[in-house]
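Asks: Dropping the sequence and predicted coords here.
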Amino acid sequence: GAVVSQHPSWVICKSGTSVKIECRSLDFQATTMFWYRQFPKQSLMLMATSNEGSKATYEQGVEKDKFLINHASLTLSTLTVTSAHPEDSSFYICSAMDFRGAIYEQYFGPGTRLTVT
Amino acid sequence: AQSVTQLDSHVSVSEGTPVLLRCNYSSSYSPSLFWYVQHPNKGLQLLLKYTSAATLVKGINGFEAEFKKSETSFHLTKPSAHMSDAAEYFCVVSEDTGFQKLVFGTGTRLLVSP
């Protein structure tokens, strides 16, 4: 149980275009989802926290107008990278939190590799 | 702010020999600490977590870690490495009791040779 999927697993887009990444909790309801960014050979950096039905909370230094997050249902959150530039190329990972039985654990998706040309 | 330092970017072991992945933390109060493993094309998986209970924590796949407050360390160990243990390992500290604010270390790549 507690599986999180991401789609697509990799995407290449041209500079100036937008790309949407989906994060789904497959077998549980996630009231809270998180988006991370991982640079090569570096750790994961939290970008934002999203709660179902409310606006996302962005970490300091993350542009909320560039990285649009929508958490419209208890099983789906989306990250849209708007007007992408080569410096946005990275590995984006989502996680979902399962609060059932007060088990506070984040379950991670496999990640999405974004390359902006 | 809390942080973790993983002292080795790469660790190489032979199959069947012990594994030691080192992690030191910095925290102004009693932290919650985790070890996650990342296999290629798979999501990060929780190996074990320390939440102020027993200082020796046993996790999945034979891994364990010991919380040592005096040394501010939370090293990950396994008595005998398997080829399937080859992966990236992250030491993580949580800034809140709900484990929503996770701060990751830079990771240690474990290489296992036959």
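Replies: Structure received. Numbering: from 1, shown residues only, chains lettered A, B, ... in the order given.

Asks: ok, now how distant is A:Gly109 from B:Tyr89?
Replies: 18 Å (CB to CB, to the nearest Å). Placement of C-beta: from N, CA and C, glycine included.

Asks: more neighbours, the two?
Replies: A:Gly109 (29 against 24; other CB atoms under 10 Å in any protein chain shown).

Asks: A:Val4 is in contact with the more buried one, correct?
Replies: Yes - A:Gly109 is within contact range of A:Val4, at 4.2 Å (criterion: CB atoms under 8 Å).

Asks: Measure how buried the nearest residue to B:Glu71 once chain neighbours are set aside is and give me the count.
Replies: Nearest non-adjacent residue to B:Glu71, counting by CB to CB, 6 or more residues apart in numbering or on different chains: B:Asn24, 7.7 Å away. Number of residues near B:Asn24 (other CB under 10 Å) recorded here: 17.

Asks: try B:Leu76
Replies: By the criterion of other CB under 10 Å, B:Leu76 has 24 neighbours.

Asks: That one touches B:Leu20, doesn't it?
Replies: Yes - between B:Leu76 and B:Leu20 a contact is recorded at 7.4 Å, counting by CB under 8 Å.

Asks: What separation do you get for the spatially most central residue of chain B and B:Glu66?
Replies: Note on chain B: the residue nearest the mean C-alpha position is B:Trp35, at 3.3 Å, using CA atoms, centre = their mean. Using CB to CB, one gets 12 Å for the distance from B:Trp35 to B:Glu66.

Asks: list residues touching both of the two?
Replies: Taking CB atoms under 8 Å, 6 or more residues apart in numbering or on different chains as the contact rule, B:Trp35 and B:Glu66 both touch B:Phe74.

Asks: so what's residue 39 up against?
Replies: Answering for chain A, as no chain was given. A:45, A:90-91.

Asks: sorry, should have said chain B
Replies: B:45, B:87-88.

Asks: swap the cut-off to 7 Å and go again
Replies: Applying CB atoms under 7 Å, 6 or more residues apart in numbering or on different chains, one finds that B:His39 lies in contact with B:Ala87.

Asks: Please apply the same query to B:Cys23.
Replies: B:4, B:6, B:73-76, B:91, B:105.

Asks: The same query, at a cut-off of 8 Å, please.
Replies: Counted by CB under 8 Å, 6+ apart, B:Cys23 has contacts B:4-7, B:33, B:35, B:73-76, B:91, B:105.

Asks: before we move on, what about B:Gln45?
Replies: Taking CB under 8 Å, 6+ apart, one finds A:108, B:36-39, B:60 in contact with B:Gln45.

Asks: next one: B:Ala65
Replies: Contacts of B:Ala65 by CB under 8 Å, 6+ apart are B:33, B:35, B:48, B:50, B:56-57, B:59, B:74-77.

Asks: The same query, at a cut-off of 10 Å, please.
Replies: Shown in contact with B:Ala65 (CB atoms under 10 Å, 6 or more residues apart in numbering or on different chains): B:21, B:23, B:33-35, B:47-50, B:55-59, B:73-78, B:91.

Asks: In the helix or strand where it lies, which residues are buried?
Replies: Under the criterion of DSSP states H and E, B:Ala65 resides in strand B:64-68. Neighbour-count burial for strand B:64-68 flags B:64-65, B:67 (criterion: 16 or more other CB atoms under 10 Å in any protein chain shown).

Asks: Many thanks, have a good one.
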